[in-house]
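Novice: turn this into a structure:
(4 chains)
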4 protein chains.
Amino acid sequence: MTAPTPPVKKISTPWSVQGPFKNAESLERRIGEMPISEHVGKADWKTEKHVPVIECPDKIAPDQIFDVTVMIGKEIAHPNTTAHHIRWMSLYFHPEGEKFSYQVARVEFTAHGEGAQGVDTSTIYTHHKATVSMKTQKPGTLYAVSLCNIHGLWESEKKLLVG
Amino acid sequence: MTAPTPPVKKISTPWSVQGPFKNAESLERRIGEMPISEHVGKADWKTEKHVPVIECPDKIAPDQIFDVTVMIGKEIAHPNTTAHHIRWMSLYFHPEGEKFSYQVARVEFTAHGEGAQGVDTSTIYTHHKATVSMKTQKPGTLYAVSLCNIHGLWESEKKLLVG
Amino acid sequence: MTAPTPPVKKISTPWSVQGPFKNAESLERRIGEMPISEHVGKADWKTEKHVPVIECPDKIAPDQIFDVTVMIGKEIAHPNTTAHHIRWMSLYFHPEGEKFSYQVARVEFTAHGEGAQGVDTSTIYTHHKATVSMKTQKPGTLYAVSLCNIHGLWESEKKLLVG
Amino acid sequence: MTAPTPPVKKISTPWSVQGPFKNAESLERRIGEMPISEHVGKADWKTEKHVPVIECPDKIAPDQIFDVTVMIGKEIAHPNTTAHHIRWMSLYFHPEGEKFSYQVARVEFTAHGEGAQGVDTSTIYTHHKATVSMKTQKPGTLYAVSLCNIHGLWESEKKLLVG
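Specialist: As a prediction, the model looks like this:
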């Protein structure tokens, strides 16, 4: 059932050679391939309504439980209808200097007006904003990724200091 | 591959005959069956650490976006380790007098200390508390359901007035 | 913000007194309360299109990895449109004689035709059927729960023997 | 609460300038920023156990419902313990020539041996393999992304022809 393996060519600027995979011998990219990451939008949230905005303290104490709020459309409102809405947002944390990211939380926004009488009839809507709580002894970077049901994946990030 | 259908017997007190299925002709319960709902714990959150606590206004205006906070272990702390933690909480809304419930949100708590050096080595933990936002024109009941990775499903509820 | 606690009355037939909570001293049910479980539909899948059907061997060997297929609308097709579709199914396993259930898997069906040109324009649809794999040394009961975006929660179950 | 905006510098090789954002005027990357996508591993699944393998027909008919199986560790087994396991896999589809990706499904692998007696005591484990079903009139690329609870995000892809 699997497609025949396409010809392999080492390329000089693979997207993931930065970061944890810098020295991975196995890192190869096949001709014509493009990772999903090149389909994740990144832009200024002040001008692009899809970009998640991360709000939390810039610096926290080790093991202090702190809140992280992620919202979509802080400056420019995003629609919230049965036909067009934000489906979920996911929060990751990458400790500084480490190789791998941890997923912290994922929030599904599930009600978008659908009802027995048709689209946008229930009056019940989940807004695209959520606050979760976490702790860490390590500084690093928080990443938020969100999914619009028709405009795909978007991401943003925020540094976190510990001390 | 499917098991032979067990003998069917109408029983007099099926658990779900209350609510939307009161008059469902097709409602039958097979001998020896017990619905998943009988495995969902319900107790006073002041004495049972697993019970989710729902906090939101008692009354909201129609179409007003309001916050709903759900937390586990408000009075009695729940552990948060790689071996034992709250996995997720889900929020439902059942409009008064209607037949069906809507899921509003689901929040996964994903980081519980696991790291390359073993259990409880990463220092990164997601706390079992989250705030989501919603709106409705209809009054009804909010239901929170949560999952402990070793003590299963728990639920609680809160009435919501609109006016 | 929390509503004043309603008066508490011990009732004689609380829904969850069967199962793990039979002897729980803390089990009380407040006047007017109805658990989310009473909003979970249960019916014969041959006549009710929402009911998930669980297909797997009736008996497996200890530690044998086996497939479990859950599908909605096996006999009577369920719609799959942007306005009306199955959102997810969740699979639980309750070991015989134990107090708590384990969640085995949850599958989100995410694409339902929504596109930049409007509802049902993308041509991309996720079908409401999935197969996951698991193992256990213990016999017990598999529970499938599914969510229709407008007709709420439904469940079914299947016994699993080990030997 | 938000950190002061860091200085902005247009850079010449932003990761996402390929794909849908090629001409986005708003695309800027701040000094020191690295997108989450650079933390998503990509490698040959024959030598790297984390890489999800996508199996489905190479070519399907328009509107034909077909199965897609995603598994981790096809050639080299991945551990499945309370301490170290695959948490979920997500499947996306990017129609050829379009700007945005659609999420098709997400499968959570939820049981990893945790029990009341400690880690790896329940005997119940979800295996990291799942099959979902979908249809499309458009050709494009399927992307699988998976999360290891301690080794982070990994991805792979497979072309899909329609005709």
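Novice: pLDDT wise, what is A:D63 at?
Specialist: At A:D63 the predicted local distance difference test score is 97.
Novice: quick one: the nearest residue to it once chain neighbours are set aside from D:S133, how far?
Specialist: Distance criterion Cβ to Cβ, 6 or more residues apart in numbering or on different chains; nearest residue to A:D63, sequence neighbours excluded, is A:K135 at 5.3 Å. In this view, the C-beta of every residue, glycine as well, is placed from N, C-alpha and C. As defined by Cβ to Cβ, to the nearest Å, A:K135 lies at a distance of 40 Å from D:S133.
Novice: quickly list the domain ranges of chain A.
Specialist: Chain A breaks down into these structural domains: A:1-36, A:40-162 (assignment by automatic domain parsing).
Novice: shaky segments in chain A?
Specialist: Using pLDDT under 70 as the threshold, the predicted model of chain A has low-confidence ranges A:1-35.
Novice: contact partners for A:V119?
Specialist: Taking Cβ atoms under 8 Å, 6 or more residues apart in numbering or on different chains as the criterion, A:V119 is in contact with A:81-83, A:113, C:82-83, C:119.
Novice: go on, A:E114?
Specialist: Under the criterion of Cβ under 8 Å, 6+ apart, the contact list for A:E114 reads A:82, A:120-122, C:83-84, C:149-150.
Novice: apply 6 Å and report the result again.
Specialist: With contacts taken as Cβ atoms under 6 Å, 6 or more residues apart in numbering or on different chains, A:E114 has the following neighbours: A:82, C:149-150.
Novice: and the domains of chain A: which comes nearest B:G140?
Specialist: Shortest distance between B:G140 and the domains of chain A, using Cβ to Cβ, is found for domain A:40-162: 8.7 Å.
Novice: chain center to that closest one: distance?
Specialist: Distance, stretch centre to chain centre, for domain A:40-162: 7 Å (Cα atoms, centre = their mean, to the nearest Å).
Novice: for the residue nearest the centre of chain A, name its beta-bridge partners.
Specialist: With the centre of chain A defined as its mean C-alpha position, the nearest residue by Cα atoms, centre = their mean is A:V145, 1.1 Å away. When bridges are taken as DSSP bridges, the partners of A:V145 come out as A:S90, A:E155.
Novice: right, and it touches A:W88 too?
Specialist: No - with contacts counted by Cβ atoms under 6 Å, A:V145 stays clear of A:W88, the gap being 8.8 Å.
Novice: now the closest residue to chain D within chain A. Its backbone dihedrals?
Specialist: When scored by Cβ to the nearest Cβ, chain A has A:S37 as its residue closest to chain D, at 2.6 Å. Backbone torsions for A:S37, taken as degrees, to the nearest 10, come to phi -60, psi -30.
Novice: list the residues that contact it.
Specialist: Residues touching A:S37, when contacts are defined by Cβ under 6 Å, 6+ apart, comprise D:37, D:40.
Novice: cool, and A:G118?
Specialist: For A:G118, the contact set (Cβ under 6 Å, 6+ apart) is empty.
Novice: for D:V51, see how far away it is.
Specialist: With distances defined as Cβ to Cβ, the gap from A:G118 to D:V51 amounts to 43 Å.
Novice: do you know how far the residue in chain A sticking out farthest from the centre is from chain C?
Specialist: Of all residues in chain A, A:Q117 has its C-alpha farthest from the mean position, at 33.5 Å, by Cα atoms, centre = their mean. Computed as Cβ to the nearest Cβ, to the nearest Å, the A:Q117 to chain C distance reads 9 Å.
Novice: how many residues are close by A:D58?
Specialist: By the criterion of other Cβ atoms under 10 Å in any protein chain shown, A:D58 has 12 neighbours.
Novice: same deal with the one 10 residues further on?
Specialist: Summarising burial for A:V68: neighbours were counted as other Cβ under 10 Å, giving 22.
Novice: how about it, secondary structure?
Specialist: Assigned by DSSP: H, G, I helix; E, B strand; the rest coil, the conformation of A:V68 is strand.
Novice: could you do A:E38 as well?
Specialist: State at A:E38, reduced to three classes by three-state DSSP: helix.
Novice: against A:H85, how distant is it?
Specialist: 24 Å.
Novice: of those two, which one has the most company?
Specialist: Residue environment comparison for A:E38 versus A:H85 gives the larger neighbour count to A:H85, 24 against 18, counting by other Cβ under 10 Å.
Novice: nearest residue to the more buried one other than its sequence neighbours?
Specialist: The shortest distance from A:H85 to any residue other than its chain neighbours is 4.5 Å, reached at A:H112 (Cβ to Cβ, 6+ apart).
Novice: now A:K129
Specialist: Here the residue nearest A:K129, using Cβ to Cβ, 6+ apart, is A:M71, at 3.9 Å.
Novice: secondary structure element for the one you found, which one?
Specialist: Secondary structure assignment for A:M71, by DSSP states H and E: strand A:66-72.
Novice: up against chain B, what does chain A have?
Specialist: By Cβ under 6 Å from any Cβ of the partner chain, the part of chain A that sits against chain B consists of A:65, A:93, A:102-108, A:110-111, A:123-127, A:129-138.
Novice: show me the contacts for A:V132.
Specialist: By Cβ under 6 Å, 6+ apart, the contact list for A:V132 reads A:68, A:105, B:130.
Novice: swap in A:I72?
Specialist: Applying Cβ under 6 Å, 6+ apart, the residues near A:I72 are A:52, A:78, A:86, A:128, A:146.
Novice: switch the cut-off to 10 Å
Specialist: Residues in contact with A:I72, defined by Cβ atoms under 10 Å, 6 or more residues apart in numbering or on different chains, are A:45, A:49-53, A:78, A:80, A:85-86, A:89, A:109, A:127-130, A:144, A:146-148, A:154, A:156.
Novice: bridging residues for it?
Specialist: Counting by DSSP bridges, the residues bridging with A:I72 are A:P52.
Novice: measure it to chain B for me?
Specialist: Counting by Cβ to the nearest Cβ, the gap between A:I72 and chain B amounts to 11 Å.
Novice: before we move on, what about A:S37?
Specialist: Distance check for A:S37 against chain B: by Cβ to the nearest Cβ, it reads 20 Å.
Novice: same question, A:E55
Specialist: Counting by Cβ to the nearest Cβ, the separation of A:E55 from chain B is 12 Å.
Novice: ignoring the adjacent residues along the chain, who's closest to that residue?
Specialist: Residue nearest to A:E55 in three dimensions, not counting chain neighbours: A:T69, with 4.5 Å by Cβ to Cβ, 6+ apart.
Novice: thought the one you found was touching B:T131?
Specialist: Yes - distance between A:T69 and B:T131: 8.0 Å, which falls inside the contact criterion (Cβ atoms under 10 Å).
Novice: give the residues shared as contacts by the two.
Specialist: Here A:T69 and B:T131 share the contacting residues A:129-132, scored by Cβ under 10 Å, 6+ apart.
Novice: inside strands: which ones of those residues?
Specialist: Residues from the shared contacts of A:T69 and B:T131 lying in strands, with DSSP state E as the criterion: A:129-132.
Novice: if we take those residues, which one ends up nearest to chain B?
Specialist: The shortest approach to chain B among these belongs to A:T131, at 4.1 Å (Cβ to the nearest Cβ).
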